[in-house]
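**Student:** this one's sequence-less:
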């Protein structure tokens, strides 16, 4: 067996093994399921309110527990203020002044005609109840009933509805000398700005700590539980990113101060904390330069998860007013929007997107893909354009590789003579071949490197396609309406010509009746093989014969955008290799190699 075929088999086998391991460890996830926000008696917690944070450690005593006991009916009957922006719709409940009704106008739950929009936040009593709540934690000597909490009913002081450029103001008088106000504004994307203030009209000092919290009742019903994707808590504390999976939060130790399982992190200057789903996120963001306390909490009794941002205690003297401004991001994890907020001062906000271990590759790959999509206007063609750029960057290495392969072909007669002269003396043959390589300046391992470099790029692109919302429901052409989903065509519907749905992804039927993209992938790999004659060894012939079709079935259930990349990569590689070999004086007998493979198959079949 010559070294060129050894290298090709080695590179192919390595690619196969890596993708096989990847396929076993990280099987393609289940497709998106509908996000049902319909109330259900079977899943509605009896106690429907979040726990109020404790005041920071600089207070003298632990404040009393002011957890409310309001049920779902009380929350449903509370008056509301509408939210209406180009991107968000919903309402704010005056019970607690909570933001608990939010839908994303630009996103549907599926590609089906008439599919409902995605619900991000929903009130107590709904499946996957999810809401943001603000208030003041009382310090020592302050009656907990004198500060606004989850069950405080606020009054609208100004504004009929919350919209871009039209904020609202909520007020509440505690009846013992303090008046609380909450000003809520929203931009044209997904950012709320909340200013909390308290005016002390009493005769004594009062101390309390402003806070914001996000509560989620139970784990999300559409939780992917997919190893490649982080879902749960995501936080930034003074430049340090932390990610906590849903399954890890209930393992926290009981914190006596919190009265629940909790973990607390002190932030000195810059940070944020919230919950992240596959494509959506809700995040508490104190003003840049603010010290605060991040809290991740789990109430086992009520199955409520909370993230909190508790700011330092304020002492308000008689006649004085204290105020604090924070922000709430509630929306889709769009790279453009999140980058804009980061540039406006939200430190490290772009890292709320799960870039993974290969972030040094996934970030630039996504940036290039995003920019190409803006220019081309089609994500499928942008992926092909990205492939061209990657191949252009790797071209110098590929050129050396293919030149080396062409020279190996030229050395074939000399290598055959060495084998005949060495006979069964393998050591003598190896020494002779090494001397020949050195004399002719040929590197027999050069052919492996371009293929091996494709592996981390392949994984990084897989991460980008699966994680980023820009690929969700991104169309290519015809039946390919979602590049983040597997190929929807199949032999059963004549590759999209008949109005028949494809088999359920990841099913045996879907594995057998593959779509047109996996088929093109197999053909492109097979054509690439035919640039070289088939090896003479029967075992090698079998490996080469089966490899393209094994890859075809293995990658058939992957995101169609990834398969598009692989097809484009194979096609460009084929073209590069053919032209470089021709330039080096070696003319690949493509047609002859194809005919030869069919002749051999016919001969073997007749036996």
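**Tutor:** In hand now; what should we look at? Quick caveat: nothing in here was measured; it's all calculated off a predicted structure.
**Student:** ok, which stretches of the stretch 351-500 of the chain are strands?
**Tutor:** Ranges of strands within the stretch 351-500 of the chain: none, based on DSSP state E, counting those that start in this stretch.
**Student:** for it, which spans come out with low pLDDT?
**Tutor:** Applying pLDDT under 70 to the stretch 351-500 of the chain flags the ranges 406, 409, 443-451, 493-500.
**Student:** find the residue at the geometric middle of this protein.
**Tutor:** Using CA atoms, centre = their mean, the residue of the chain that lies closest to the mean C-alpha position is residue 467, 2.4 Å off.
**Student:** list the residues that contact it.
**Tutor:** 228, 229, 278, 353, 354, 355, 356 (CB atoms under 8 Å, 6 or more residues apart in numbering). C-beta: built from backbone N, CA, C; applies to glycine.
**Student:** try it again with 10 Å
**Tutor:** Residue 467 makes contact with 228-230, 278-279, 333, 353-356, 362, 366, 484, according to CB atoms under 10 Å, 6 or more residues apart in numbering.
**Student:** what about residue 350, which SS state?
**Tutor:** helix (DSSP: H, G, I helix; E, B strand; the rest coil).
**Student:** so it touches residue 334, yeah?
**Tutor:** No. If you go by CB atoms under 10 Å, residue 350 and residue 334 don't touch, sitting 11.0 Å apart.
**Student:** and the host helix or strand of residue 100, which residues are buried?
**Tutor:** Per DSSP states H and E, residue 100 falls inside strand 98-108. Within strand 98-108, the residues that qualify as buried are 98, 99, 100, 101, 102, 103, 104, 107, 108, counting by 16 or more other CB atoms under 10 Å.
**Student:** adding distance to residue 50 and pLDDT, write those residues out as a markdown table.
**Tutor:** Formatted as a markdown table, these follow (distance: CB to CB, whole Å; pLDDT from 0 to 100):
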| residue | distance to residue 50 | pLDDT |
| --- | --- | --- |
| 98 | 8 | 95 |
| 99 | 12 | 97 |
| 100 | 10 | 95 |
| 101 | 16 | 96 |
| 102 | 16 | 98 |
| 103 | 21 | 98 |
| 104 | 23 | 98 |
| 107 | 26 | 96 |
| 108 | 29 | 94 |
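**Student:** most widely separated two among those residues?
**Tutor:** The most widely separated members of those, counting by CB to CB, are 98 and 108 (25.8 Å).
**Student:** now residue 572: closest residue in space that isn't a chain neighbour?
**Tutor:** Distances taken as CB to CB, 6 or more residues apart in numbering put residue 391 closest to residue 572, at 4.7 Å, once the chain neighbours are dropped.
**Student:** tell me the residue furthest from the middle of the chain?
**Tutor:** Using CA atoms, centre = their mean, the residue of the chain lying farthest from its centre is residue 421. It sits 58.7 Å away.
**Student:** any idea how this structure splits into domains?
**Tutor:** Using automatic domain parsing, the domain ranges for the chain come out as 3-22+363-606, 72-354.
**Student:** I'd like the ones you listed as CSV, with distance to residue 51 appended.
**Tutor:** Formatted as CSV, these follow (distance: least, CB to CB, whole Å):
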stretch, distance to residue 51
domain 3-22+363-606, 31
domain 72-354, 6
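**Student:** from those domains, which stretch is densest packed?
**Tutor:** Among those, domain 72-354 has the highest mean neighbour count (mean count of other CB atoms under 10 Å), at a mean of 19.
**Student:** thinking again about what came up before, other residues contacting the following helix or strand past the strand holding residue 100?
**Tutor:** Once strand 98-108 ends, the next helix or strand along the chain (criterion: DSSP H and E) is strand 117-121. The contact list for strand 117-121, computed with CB under 10 Å, 6+ apart, reads 32, 34-38, 88-90, 98-110, 126-132, 190, 214, 216, 277, 279-282, 330-332.
**Student:** please apply the same query to stretch 388-396.
**Tutor:** With CB under 10 Å, 6+ apart as the criterion, stretch 388-396 contacts 365, 368-369, 372, 398, 401-402, 449-450, 453-454, 457, 461, 565, 568-569, 571-573, 575-576, 580.
**Student:** gap between it and the chain center?
**Tutor:** Centroid separation for stretch 388-396 versus its chain: 26 Å, with CA atoms, centre = their mean, to the nearest Å.
**Student:** so where is the protein shaky, pLDDT-wise?
**Tutor:** Counting by pLDDT under 70, the ranges of the chain that qualify are 1-49, 54-72, 406, 409, 443-451, 493-512, 533-537, 540, 599-607.
**Student:** now the helices: where do they sit in it?
**Tutor:** Per DSSP state H, the chain carries helices over the ranges 3-25, 72-77, 335-343, 359-376, 379-393, 395-410, 412-422, 426-440, 449-467, 508-512, 516-529, 538-554, 560-583, 590-606.
**Student:** circling back: what angle separates the strand holding residue 100 from strand 117-121?
**Tutor:** For strand 98-108 and strand 117-121, the angle between their directions (axes from the mean of the first three to the mean of the last three CA atoms, to 10 degrees) works out to 160 degrees.
**Student:** for strand 98-108, packing partners?
**Tutor:** Contact partners of strand 98-108 among helices and strands, from 3 or more CB pairs under 10 Å, 6 or more residues apart in numbering; DSSP states H and E: strand 80-84, strand 88-93, strand 117-121, strand 130-138, strand 191-200, strand 206-217, strand 280-286, strand 321-332.
**Student:** CSV please, covering those strands and showing distance to residue 178.
**Tutor:** Listed next are the helices and strands packed on strand 98-108 as CSV, based on distance: least, CB to CB, whole Å:
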stretch, distance to residue 178
strand 80-84, 23
strand 88-93, 22
strand 117-121, 29
strand 130-138, 9
strand 191-200, 6
strand 206-217, 6
strand 280-286, 23
strand 321-332, 10
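**Student:** residue 431: which of these is closest?
**Tutor:** Across those, residue 431 has its closest neighbour in strand 280-286 (61.9 Å, CB to CB).
**Student:** and the angle from that closest one to strand 130-138?
**Tutor:** Using the same axes, to 10 degrees, the inter-axis angle of strand 280-286 relative to strand 130-138 is 20 degrees.
**Student:** follow-up on the earlier one: now the contacts of residue 467 in a markdown table, with distance to residue 141?
**Tutor:** As requested, the contacts of residue 467 are exported to a markdown table (distance: CB to CB, whole Å):
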| residue | distance to residue 141 |
| --- | --- |
| 228 | 51 |
| 229 | 47 |
| 230 | 42 |
| 278 | 46 |
| 279 | 46 |
| 333 | 43 |
| 353 | 44 |
| 354 | 45 |
| 355 | 47 |
| 356 | 49 |
| 362 | 52 |
| 366 | 53 |
| 484 | 55 |
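**Student:** return the closest of these with respect to residue 239.
**Tutor:** residue 355 (15.9 Å).
**Student:** any idea how far the nearest residue in space to the closest one that is not next to it in sequence lies from residue 429?
**Tutor:** Spatially, and ignoring its direct neighbours in sequence, residue 355 is nearest to residue 362 (4.6 Å; CB to CB, 6+ apart). Computed with CB to CB, to the nearest Å, the distance linking residue 362 and residue 429 is 45 Å.
**Student:** do residue 420 as well
**Tutor:** Where residue 429 is concerned, residue 420 sits at a distance of 10 Å (CB to CB).
**Student:** what do you get for residue 555?
**Tutor:** Taking CB to CB as the measure, residue 555 falls 38 Å from residue 429.
**Student:** cool, and residue 546?
**Tutor:** Relative to residue 429, residue 546 is positioned 29 Å away (criterion: CB to CB).
**Student:** over to residue 111?
**Tutor:** Here residue 111 is placed at a distance of 60 Å from residue 429 (CB to CB).
**Student:** before we move on, what about residue 117?
**Tutor:** Distance of residue 117 to residue 429, computed by CB to CB: 70 Å.
**Student:** next one: residue 528
**Tutor:** Distance from residue 528 to residue 429, by CB to CB: 29 Å.
**Student:** for the strand holding residue 100, the distance to its chain's centre please.
**Tutor:** 20 Å.
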